[in-house]
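S.K.: Need the 3D shape of this:
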Amino acid sequence: MAKFNSGDILKILRKFQIAGEENVPRNVEELKKITADEFSEIFTFKFNKHKFFIVVDGMAEDDEFYIQDLLRKHFGDIEGELIKNPLDLMMSFALPFEGKDIYLFRNITSKTRLDVYLAENYPEFSRATIQKYIKNGFVKVNGKIAKKPKDAIVKGDKIELEIPEKTAEKINFPILFEDDNVIVINKPRGILTHSKGALNDEFTVADFFESRGARFGEGTNRIGIVHRLDRETSGVIIGAKNDKTAKKLQKQFSERTAKKTYVAIVKGILNPRKALIDIPIARNGSAPSTFMIHAKGKPAQTKYEVLKENENFSLVKLMPKTGRTHQLRVHLSYLNHPILGDRIYDKNISKSESEDRMFLHAQSLEITIPPKKGEKESQRMIFESEIPENFEL
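M.R.: Numbers count the residues shown, from 1 in each chain. Okay, the predicted model is just below:
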């Protein structure tokens, strides 16, 4: 657990280039700390008459919306900005400090903005979701369509929010295991784990988890989600039905005691046939939704073993020891053996390959789940999904 005093806070502010050498610890005022959950701590304080929040969280993975949602959960609909790490060429938000990832949020007050008003009155929606509704014409002010989230409103204005209905049909995914605490499915390729925005009309894994009684993450677009698979990745994914189970599962992913095994078809012949890839990964500053190998990135390790090969391709077993976003795809691309059908990280993909699936499948997940109703002992389980037929070489 982090123990920061005003001197530590000042060091962090200097790293973010908010404070200078002329500032002293007594400039940091009203310092308080709350423990948000098992993985998150939040420090609040005032500096130069501005209110700041420092978030210490090992699960955030530089996700701006994750940090904002965490702050809103504990402090209501605060307004402000997440400050980028000025020392990182990739322009990420996380700043390493004493072995932990630090995020700095500056509270900015203003007149009553339209999006602030709506977020306060529709707490089931995140601020980002409200903003997208406004920009897409779903909000009216005094009978006229509003276009800008920052538009100021005054008392007496008539505000209307017409929430678009989700029209996507429900899909019944193959269930591998289910009890009162968890649900495990075999996710088909082409399915999103959760919506990426307010206007997504696709049926997602999170939607399915909600339909099966999941309540963890209720009010968000990530109901039941404790880990993710890329859209084009098929295979085993586990969901939590309640908050207590979610914490238990998330802790295992965070502490790397959950064991995941994937299979993939990659281009070329891997040599050696069995090895550990230990190369750091960072967000790609020029394309923020993608990642890249970078010396100053976060540690990332992947074990691989060739199962079968022919003249052009190899069928490999992949065992990630860390869980960075796009880790397997980035590592294999860096070795010049990209995953077949990877339209992002295979720079030499052919038209026919791009029209087929990405050949990455989550084959198994070993994890400890809470005891069933009436039982006392947790269970260590291995959930498996058959390798798709078209993975044969």
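
S.K.: how near is the residue most central in space within the chain to residue 278?
M.R.: Centroid check for the chain by CA atoms, centre = their mean gives residue 63 as the closest residue, at 5.9 Å. To residue 278, residue 63 is 24 Å away according to CB to CB, to the nearest Å. Yep, even glycine has a C-beta here, placed from its N, CA and C like the rest.

S.K.: Centre of the chain to stretch 177-189, how far?
M.R.: 19 Å (CA atoms, centre = their mean, to the nearest Å).

S.K.: list the buried ones in stretch 48-55?
M.R.: Neighbour counts using 16 or more other CB atoms under 10 Å place 51-55 of stretch 48-55 among the buried residues.

S.K.: residues in contact with it?
M.R.: Residues outside stretch 48-55 that contact it (CB atoms under 8 Å, 6 or more residues apart in numbering): 4, 9, 12-13, 18, 27, 40-46, 67, 70-71, 75, 78, 102-108.

S.K.: and what of stretch 382-393?
M.R.: Here stretch 382-393 makes contact (CB under 8 Å, 6+ apart) with 176-177, 184, 186, 234-236, 238, 263, 265, 308-310, 313, 315, 357, 359, 361-367.

S.K.: With stretch 244-263 instead?
M.R.: 37-39, 58-59, 181-182, 216-217, 226-227, 233, 235, 238, 240, 307, 315-323, 328, 360-370, 378, 387, 391.

S.K.: rerun at 7 Å
M.R.: Here stretch 244-263 makes contact (CB atoms under 7 Å, 6 or more residues apart in numbering) with 37-39, 58-59, 181-182, 216, 226-227, 238, 240, 315, 317-323, 328, 360-368, 370, 387, 391.

S.K.: From residue 11, how far out is residue 21?
M.R.: Distance from residue 21 to residue 11, by CB to CB: 11 Å.

S.K.: typo on my end, residue 309
M.R.: 52 Å.

S.K.: hang on, isn't residue 343 packed against residue 353?
M.R.: No: counting by CB atoms under 7 Å, residue 343 sits too far from residue 353 to count as a contact (8.4 Å).

S.K.: Who has more neighbours out of these two?
M.R.: Taking other CB atoms under 10 Å, residue 343 and residue 353 do not tie; residue 353 has more neighbours (18 against 11).

S.K.: For the more buried one, give me its contacts.
M.R.: With contact set as CB under 7 Å, 6+ apart, residue 353 has these partners: 340-341.

S.K.: Other residues contacting the helix or strand where residue 317 lies?
M.R.: In this structure, residue 317 sits in strand 313-320 according to DSSP states H and E. Strand 313-320 is contacted by residues 260-270, 302-309, 327-328, 340, 391, 393 when judged by CB under 7 Å, 6+ apart.

S.K.: Apply the buried test to these and list what passes.
M.R.: Here, 16+ other CB under 10 Å leaves 260-267, 270, 302, 304, 306, 309, 327-328, 340, 391 buried among the contacts of strand 313-320.

S.K.: Restricted to strands, list the residues you listed.
M.R.: 260-267, 302, 304, 306, 309 (DSSP state E).

S.K.: I'd like the residues you listed written out as JSON lines, with pLDDT added.
M.R.: Listed next are these as JSON lines, based on pLDDT from 0 to 100:
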{"residue": "260", "pLDDT": "98"}
{"residue": "261", "pLDDT": "98"}
{"residue": "262", "pLDDT": "98"}
{"residue": "263", "pLDDT": "98"}
{"residue": "264", "pLDDT": "98"}
{"residue": "265", "pLDDT": "98"}
{"residue": "266", "pLDDT": "98"}
{"residue": "267", "pLDDT": "98"}
{"residue": "302", "pLDDT": "98"}
{"residue": "304", "pLDDT": "98"}
{"residue": "306", "pLDDT": "98"}
{"residue": "309", "pLDDT": "96"}
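
S.K.: which residues sit in contact with residue 332?
M.R.: 266, 338-339.

S.K.: of all those residues, which comes closest to residue 113?
M.R.: Top of the list for closeness to residue 113, among the contacts of residue 332 and by CB to CB, is residue 339 at 43.8 Å.

S.K.: Give me the angle between the strand holding residue 317 and strand 301-309.
M.R.: 150 degrees (axes from the mean of the first three to the mean of the last three CA atoms, to 10 degrees).

S.K.: starting at the chain centroid, how far to strand 313-320?
M.R.: With CA atoms, centre = their mean, you get 24 Å for strand 313-320.

S.K.: For that strand, output the C-alpha coordinates as PDB.
M.R.: The C-alpha trace of strand 313-320 is given here as PDB (Å, rounded to 0.1, in the frame of the first residue of the first chain):
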ATOM      1  CA  PHE A 313       3.200 -21.500 -41.100                       C
ATOM      2  CA  SER A 314       3.600 -22.700 -37.500                       C
ATOM      3  CA  LEU A 315       0.900 -23.800 -35.000                       C
ATOM      4  CA  VAL A 316       2.200 -22.500 -31.600                       C
ATOM      5  CA  LYS A 317       1.100 -22.700 -28.000                       C
ATOM      6  CA  LEU A 318       1.400 -19.300 -26.200                       C
ATOM      7  CA  MET A 319       1.500 -18.800 -22.500                       C
ATOM      8  CA  PRO A 320       1.600 -15.100 -21.500                       C
END
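
S.K.: What pairs with that strand, parallel or antiparallel?
M.R.: Looking at strand 313-320 with DSSP bridges, its partner strands are strand 259-267 (antiparallel), strand 301-309 (antiparallel).

S.K.: Looking at that strand now, give me its mean pLDDT.
M.R.: Mean pLDDT, strand 313-320: 98.

S.K.: Next: stretch 352-366.
M.R.: For stretch 352-366, the per-residue pLDDT averages 96.

S.K.: Give me the outermost residue of this protein relative to its centroid.
M.R.: Distance to the chain centre peaks in the chain at residue 156, reaching 39.0 Å (criterion: CA atoms, centre = their mean).

S.K.: so what's that residue scoring on pLDDT?
M.R.: Confidence score, pLDDT, at residue 156: 79.

S.K.: and residue 216, how many neighbours?
M.R.: Close neighbours of residue 216, defined as other CB under 10 Å, add up to 24.

S.K.: what helix or strand is residue 286 on?
M.R.: Assigned by DSSP H and E, residue 286 belongs to no helix or strand.
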